[in-house]
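Engineer: fold the following.
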Amino acid sequence: MLKVGIIGFGKMGRIRAKALKDSRRAEVVSVFDSAPIDDAPCEVASSEGEIITDPKIDAVFICTPNFRIPTLVKEALAAGKHVFAEKPPGFNAADVESVREVEAANPNLKLMYGFNHRHHPSIQKMKTLIESGEFGKLLWMRGRYGKEVDEAYFDTWRAKPELAGAGIMLDQGIHMLDLFLHFCGGFDEVHALVSNLYWKIEGIEDNVFAIFKNLQSGVCASLHSTMTQWRYLFSLEIFLEGGALVLNGLKTSSGVYGDEDLAIKRNNPNAQGGFAHEEHIIYHTDVSWMSEINQFLDCVEQDVPVVEGNSNDALKLMKVMDQVYSET
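Structural biologist: The predicted structure follows:
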């Protein structure tokens, strides 16, 4: 059974710990957090380094604020540990490139990032349908991802640019952009508007409006990432030659985004508007955390490459993110 240490035992660290326990394939033996931990399920380390250098630990999960992630990933890999790290993989592509240098020097170790949205059953269904060719070529995508924050937000590390790196796009919009890349492969052209009109926190944007184009396939996409939605919203629309895949809602630990409702719409070539057939699949249970953990454990146990959420995915994503923020 894989022995795991978790650095960062806040919300995400606890979610990962539960998934590891539920998998029955790994044991969390040590945790560390900069805040006191009163209810640890295992021993509490006195420092990040104590976990990284612990000889009984096989894999390190890094669930810290953004600014610590690249450094800790490199330190853990250099210490001979497999690593699972939360997103974002860094503040920019240069951070990921520095990680990949250490990863290349330790080719026997696995490094996986938490691009959790890929593991939702609705997303996996959309991916399967797109790749089947049943609906013809992918034409365009539109993603809207929003949430609300209140004054308490100012007390968190996410409102501090030196700790968070940026605002809502790096915090949440990055998931939608990762899905775009997951479905269409990449973008060559990027245009964006980055705004902090409401909260007015320097370096922490509250809205990003971005458009993308893949020059080879012609696929275009638009993304709106916002923390002034005043409600929680997840909406991903994908249009193809033969119909559309529309996902509204996303099952999360908080439940605030609602059920995942995937509409599969098939065109009627003889009708003037409208779809010939529309099927809805409702997903009531979030199994994404377990799916993601099992994939990481499979890679370690079977010594196979990380397919989803590897460092190449991270680098491709952060290069596009750099282009988005360059429009500031």
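Engineer: drop to CA atoms for contacts and neighbour counts, all remaining ones
Structural biologist: Will do.
Engineer: alpha carbons of stretch 175-186, in PDB - could you do that?
Structural biologist: What follows is stretch 175-186, C-alpha atoms only, in PDB (Å, rounded to 0.1, in the frame of the first residue of the first chain):
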ATOM      1  CA  HIS A 175     -10.300  24.500 -15.200                       C
ATOM      2  CA  MET A 176     -12.500  25.700 -18.100                       C
ATOM      3  CA  LEU A 177      -9.500  26.500 -20.300                       C
ATOM      4  CA  ASP A 178      -8.000  23.100 -19.500                       C
ATOM      5  CA  LEU A 179     -11.300  21.500 -20.700                       C
ATOM      6  CA  PHE A 180     -11.100  23.500 -23.900                       C
ATOM      7  CA  LEU A 181      -7.600  22.200 -24.500                       C
ATOM      8  CA  HIS A 182      -8.700  18.700 -23.500                       C
ATOM      9  CA  PHE A 183     -11.300  18.800 -26.300                       C
ATOM     10  CA  CYS A 184      -9.500  20.600 -29.100                       C
ATOM     11  CA  GLY A 185      -5.800  20.100 -28.500                       C
ATOM     12  CA  GLY A 186      -4.500  23.700 -28.400                       C
END
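Engineer: low-confidence ranges, the stretch 201-328 of the chain, go.
Structural biologist: When residues are selected by pLDDT under 70, those of the stretch 201-328 of the chain lie in 269-273, 328.
Engineer: that one: strands as residue ranges?
Structural biologist: Secondary structure of the stretch 201-328 of the chain (DSSP state E, counting those that start in this stretch): strands at 207-213, 220-226, 228-240, 243-248, 260-267, 275-283.
Engineer: Leu317: what's it in contact with?
Structural biologist: Applying C-alpha atoms under 8 Å, 6 or more residues apart in numbering, we find Leu317 in contact with 174, 177-178, 181.
Engineer: could you rerun that using 7 Å?
Structural biologist: If you count contacts by C-alpha atoms under 7 Å, 6 or more residues apart in numbering, Leu317 has them with Asp178.
Engineer: per-residue pLDDT, the spatially most central residue of the chain?
Structural biologist: In the chain, the residue lying closest to the centroid (C-alpha atoms, centre = their mean) is Phe115, at 2.9 Å. At Phe115, the model reports a pLDDT of 95.
Engineer: is it true that it touches Asn310?
Structural biologist: No - judged on C-alpha atoms under 7 Å, Phe115 makes no contact with Asn310 at a distance of 9.3 Å.
Engineer: re the thing from before, could I get the strands of the stretch 201-328 of the chain as CSV with distance to Asp150 and mean neighbour count?
Structural biologist: Shown next, in CSV, are those (distance: least, C-alpha to C-alpha, whole Å; neighbours: other C-alpha atoms under 10 Å):
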stretch, distance to Asp150, mean neighbour count
strand 207-213, 15, 21
strand 220-226, 13, 23
strand 228-240, 10, 18
strand 243-248, 24, 22
strand 260-267, 25, 21
strand 275-283, 29, 14
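Engineer: in JSON lines, list the ones you listed along with distance to Ala104.
Structural biologist: Putting these into JSON lines (distance: least, C-alpha to C-alpha, whole Å) gives the following:
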{"stretch": "strand 207-213", "distance to Ala104": "30"}
{"stretch": "strand 220-226", "distance to Ala104": "33"}
{"stretch": "strand 228-240", "distance to Ala104": "35"}
{"stretch": "strand 243-248", "distance to Ala104": "37"}
{"stretch": "strand 260-267", "distance to Ala104": "38"}
{"stretch": "strand 275-283", "distance to Ala104": "39"}
